[in-house]
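1. this is the structure alone, sequence omitted:
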C-alpha cells in the first residue's frame, strides 16, 4: 500500500519486548519467560513491522518512542539502536523527542546503561515496586533494595530524565509504612514517580490466592486514605499528580504516556502491542499477535503480525477519549474533543448523571475534569456517565 498524505499531528511509537526473567504474581501483562531468545530474529521482525506501519501511516513526526514489556532492558543496546535507526529512516524526529526504556534493577549495570544512552535512550523507567526486601520477595521481584538503590543512582548518572515505579496498598502495609516509604522515594526521585495501588487482576497467581482468602490486602478505606495521603505528600514536595497514578515536577511529565491519555495516535510494534492510528480518514485500533513465537512466525511470513485492525466508530472513539482523558488532572479539552470526534462531549454522556456528580463535588463540568474527590472513583464514575 503506498504511503498516504502527510498527517500534521505528531505520532508516538510503542515497542514491546515480551520477555522477562520471571513472571511476577500480580502481573497480567503480555510477558513470557523463555530459557533462550534469538534476539537477532526478534530484531529483524521488529524492523519488519516498522516498515509495514510506516507504509500505512505515511509521513508523520515522531514525538516519543517507548520500549516496554516485559523487560526491555534484557535487550542488547544493539537491538535498541537498530530499532531507533529504523524508525528514524522512515519518520522525522521532533527536536525534543523522548525515547524511554523500562528497566528492572536485576537487568541493569553501569555498562548497559551507558550503552543504552549511546544507542539513543534519553529516559528510563525503573520497576522498583517496593523499598522493602520482605515486600519485594512477596511481590515476586528478583531484586533487593540494595540493587534498586544502585539502579536508581545509575539511571540518574546516565540519563537526564528518569522515573521509578512503586506499588502501595501492599499485603500487610500500614498507612505509616507507606508514608515513610513514599517520603524516602521522593528523596531518591529525579523529577517523576509512578505510584500504583496494588490491584488483583484475574488470571494472576495473586488472584487465585486472594479469592481463596490466602492473600490479604488493605481495605478499600485504608487504600483510599493511602491514595489521599500520596497526593498530599507528593504535592507538598513539588511532585503534583498530573494523572491518577503519576506524579512529576513541572515539565517532567512522561510525554509518551500523555499520548495515551490525550488520545493521540501511537503505533504498537512487537508481540501483543496495541496501537491507535489514523489514516485514510479513519482511526483504527490495532493489536499484534501476542505469543512471541507466533508473532515472529507471522512477521517472517507477512512482514507484520497484525491480528486486529478495526476501524473505530465515533462512539467508540468518544468513550476511549473520555476514559483516558479523565485520568488526567487537567481533564479533557472540550475543543480538542469536538475537533477529534466531531460532536460535543455531552452527546456521549448521561446528562442527569453529570449534573448529579457535579452537585456532589465529583466532577467539574466546565473543564470536564474530575475533582480531587472524584479521581479515586474514576471507574465507578465512568460506569455512570457513559451512555
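-> Thanks, I have it. Note that this is a predicted model, so its numbers are computed, not measured.
2. how much space separates residue 46 from residue 189?
-> Between residue 46 and residue 189 the computed distance is 31 Å (C-beta to C-beta, to the nearest Å). C-beta coordinates here come from the backbone N, C-alpha and C atoms, glycine included.
3. cool, and residue 74?
-> 24 Å.
4. with neighbour numbers in mind, choose between the two.
-> Set residue 74 next to residue 189 and count neighbours by other C-beta atoms under 10 Å: residue 189 wins out with 23 against 20.
5. mind pulling the model confidence for the more buried one?
-> On pLDDT, residue 189 comes in at 98.
6. what does residue 204 give?
-> For residue 204, the model assigns a pLDDT of 92.
7. check contacts around it.
-> Applying C-beta atoms under 8 Å, 6 or more residues apart in numbering to residue 204 gives the contacts 25-28.
8. put the buried members of those residues into a ChimeraX selection.
-> In ChimeraX, this line selects whichever of the contacts of residue 204 come out buried by 16 or more other C-beta atoms under 10 Å:
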select :25,26,27
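9. most widely separated two among the contacts of residue 204?
-> Taking C-beta to C-beta as the measure, these span a maximum distance of 10.4 Å, between 25 and 28.
10. middle-most residue in this structure, spatially?
-> Nearest to the mean C-alpha position of the chain, by C-alpha atoms, centre = their mean, lies residue 257 at 5.7 Å.
11. quick one: that one from residue 382, how far?
-> 19 Å.
12. same check on residue 62?
-> Separation of residue 62 from residue 382 (C-beta to C-beta): 31 Å.
13. same check on residue 255?
-> Separation of residue 255 from residue 382 (C-beta to C-beta): 25 Å.
14. who has more neighbours out of the two?
-> residue 255 (19 against 15).
15. from what I see, the more buried one and residue 122 are in contact.
-> No. Using C-beta atoms under 8 Å, residue 255 makes no contact with residue 122, being 10.8 Å away.
16. hey, what's in contact with both of the two?
-> Shared contacts of residue 255 and residue 122 (C-beta under 8 Å, 6+ apart): residue 98.
17. please, where are all the helices along the stretch 251-387 of the chain?
-> Under the criterion DSSP state H, counting those that start in this stretch, the stretch 251-387 of the chain contains helices at 255-261, 292-302, 314-325, 334-341, 351-359, 378-385.
18. looking at those helices, which is buried most?
-> helix 255-261 (a mean of 21; mean count of other C-beta atoms under 10 Å).
19. tell me the pLDDT of residue 211.
-> Residue 211 carries a pLDDT value of 90.
20. tell me the phi and psi of the nearest residue to residue 205 once chain neighbours are set aside?
-> With C-beta to C-beta, 6 or more residues apart in numbering as the criterion, residue 205 has its nearest non-adjacent residue at 3.9 Å, and that residue is residue 25. Phi and psi for residue 25, reported as degrees, to the nearest 10, are phi -70, psi -10.
21. ok, residue 25 - contacts?
-> 139-140, 204-206, 209.
22. for those, pick the one with the most neighbours.
-> residue 206 (25 neighbours).
23. surely that residue meets residue 200?
-> Yes. Look at residue 206 against residue 200 with C-beta under 8 Å: they come within range, at 5.4 Å.
24. common neighbours of these two, please.
-> Common neighbours of residue 206 and residue 200 (C-beta under 8 Å, 6+ apart) are 26, 215.
25. just the residues contacting the longest helix seen in the chain, thanks.
-> In the chain, with assignment by DSSP state H, the single longest helix is helix 39-57. With contact meaning C-beta under 8 Å, 6+ apart, helix 39-57 is reached by 1-4, 7, 11, 13, 15, 17, 75-76, 78-79, 82-83, 86-87, 90-91, 265, 267, 269-270, 275, 277-279, 288, 292, 295-296, 299-300, 303-306.
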